[in-house]
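In: Give me a 3D structure for the following:
(chains A and B)
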Amino acid sequence: MNSGATAGPFSLWVYLSQNPLLWLTVTLLVYAAADAVSAATKRNPLANPVLHSVWVIGLILLLTGTPYPEYFNGAQFVHFVLGPATVALAVPLYENRKVVLSAILPMAVAVLAGGITAIVSIIVLAQIAGLPQGVVLALAPKSVTAGVAMGISESLGANPSITAIAVILTGITGAVVVTPLMNLFRITDFRARGFAAGLAAHGIGTARAFQVDTVAGVFAGVGMSLNALLTSLIVPVLVTLLAR
Amino acid sequence: MIASLGLILLCQLLGEILVRGFGWPIPGPVVGLVVLLILLQGRDRIGLLRHGPLGNGGVESAASGMLAHLSLLFVPAGVGVVQQLDLISEHGVAIFVILVISVAITLLVTVAAFIITSRLLARWRSAP
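Out: Sure, this is the predicted structure:
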């Protein structure tokens, strides 16, 4: 290790891998590329930028032998914004308060019925499938937006990264199935269709609803926010009743 | 811009303090959401709140900037899947199947509850 020529690239790698700059840059650039692909395919649900960023970055980590905590040392700056972004959901809720108030009763009933169904169905199905207790708990909040779901998961003592994956898969699934499913059952009320998409599939479902119909998009945003509130209140209760 | 971001962080901070202080089982940012909603509602009644970030759309533009790239924020946590490869190879298929079933059931129950309630309301309002 006395020659600068051979130590050069290695010491550069040591420096980069221990500095937040490298993995923060990789996170932003991979996401920007995945988002460009998603835009080029007219926001096809299967070109979901989160899904593709996750496996591309995961592959880079595996190929370079980088442990996840080292990656997270850089990526934590992006991760931190999940909290403020959850607070920011108050703004669309406030801006659409008239629409929200005009359908307040149907939404109140739907958020209770749908929010409870989302949690109970996944807990019961996970137990039928014989999944370990830790996984059952991590899946319970899967229908709400990642920041909230991961907070819930942490407070249950479950693994937030399993929750993050479940949240993303739930969002993509919801975005793919919502339109054919609603057409199959001949649901023509776009308020109801959008509300269900936001409630069951959070931000990814909301983005999908906006592509189909503006009214559906607004109701999806409201469904997502209301379910974030309801789920964080009732998951601890339902988990105690069903899974402990 | 800075004041608006500061206000959003302040709401989250208040949320975290309340949640930890009272031992509530909900995430701090959700309480922060409620705090910001109360501030936005209060602005319409209390003139004092109409200054700074709550005036002329400051907090609105900061919030929409953050929400426009909501998907990006999921990525660091999602990459955590590299630590769960054993779990994925063992239970991945089962997890995927039950998530799809649960999402479909949730969508149908939600849409049915919404439509039935609004039809009952319409009938009740038009009843003599």
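In: number of nearby residues for A:I204?
Out: Using other C-beta atoms under 10 Å in any protein chain shown as the criterion, A:I204 is surrounded by 31 other residues. Where you see a C-beta, it was placed from the backbone N, CA and C, and this is true even at glycine.
In: so how far is chain B from it?
Out: Separation of A:I204 from chain B (C-beta to the nearest C-beta, to the nearest Å) stands at 7 Å.
In: now swap in A:L226 and tell me
Out: Distance of A:L226 to chain B, given as C-beta to the nearest C-beta: 11 Å.
In: Report the spatially nearest residue to that residue, omitting neighbours in sequence.
Out: A:V111 (4.5 Å; C-beta to C-beta, 6 or more residues apart in numbering or on different chains).
In: what are the ranges of the helices in chain A?
Out: Remark: helices assigned in chain A by DSSP state H are A:4-17, A:20-40, A:49-64, A:68-80, A:82-88, A:90-95, A:97-102, A:104-128, A:133-139, A:146-155, A:160-184, A:190-212, A:214-243.
In: meant to ask about chain B
Out: Counting by DSSP H, chain B has helices at residues B:2-22, B:28-43, B:58-68, B:70-79, B:85-126.
In: for those helices, which one sits closest to A:L184?
Out: Closest approach to A:L184 among those is made by helix B:85-126 (9.9 Å; C-beta to C-beta).
In: which residues touch the residue nearest to A:L226?
Out: Neighbour list for A:V111: A:L199, A:G223, A:L226, A:N227, A:L230, B:T110 [criterion: C-beta atoms under 8 Å, 6 or more residues apart in numbering or on different chains].
In: mind listing what the fifth one touches?
Out: To tie it back to what came earlier, the one meant is A:L230. When contacts are counted by C-beta under 8 Å, 6+ apart, A:L230 is found next to A:V111, A:L112, A:G115.
In: Need the pLDDT of residue 121.
Out: The chain I'm using is chain A. We note a pLDDT of 97 for A:S121 in this prediction.
In: Can you look at chain B instead?
Out: On the pLDDT scale, B:L121 is placed at 91.
In: A:A228 is in contact with A:L89, correct?
Out: Yes. Applying C-beta atoms under 8 Å as the test, A:L89 and A:A228 come out as touching, 7.0 Å apart.
In: Need the residues touching each of those two.
Out: By C-beta under 8 Å, 6+ apart, A:L89 and A:A228 have these common neighbours: A:T145, B:L33.
In: Can you check the pLDDT for the closest residue in space to A:A113 that isn't next to it in sequence?
Out: Nearest residue to A:A113 in three dimensions, chain neighbours excluded: B:A113, at 3.8 Å (C-beta to C-beta, 6+ apart). According to the prediction, B:A113 has pLDDT 97.
In: Okay, B:A113 and A:G223: tell me how far apart.
Out: According to C-beta to C-beta, to the nearest Å, B:A113 stands 11 Å off from A:G223.
In: what's the answer for A:I116, then?
Out: According to C-beta to C-beta, A:I116 stands 14 Å off from A:G223.
In: likewise B:L73?
Out: Plainly put, B:L73 is 20 Å away from A:G223 if you go by C-beta to C-beta.
In: what does A:A85 give?
Out: In this structure, A:A85 lies at 17 Å from A:G223, with C-beta to C-beta as the measure.
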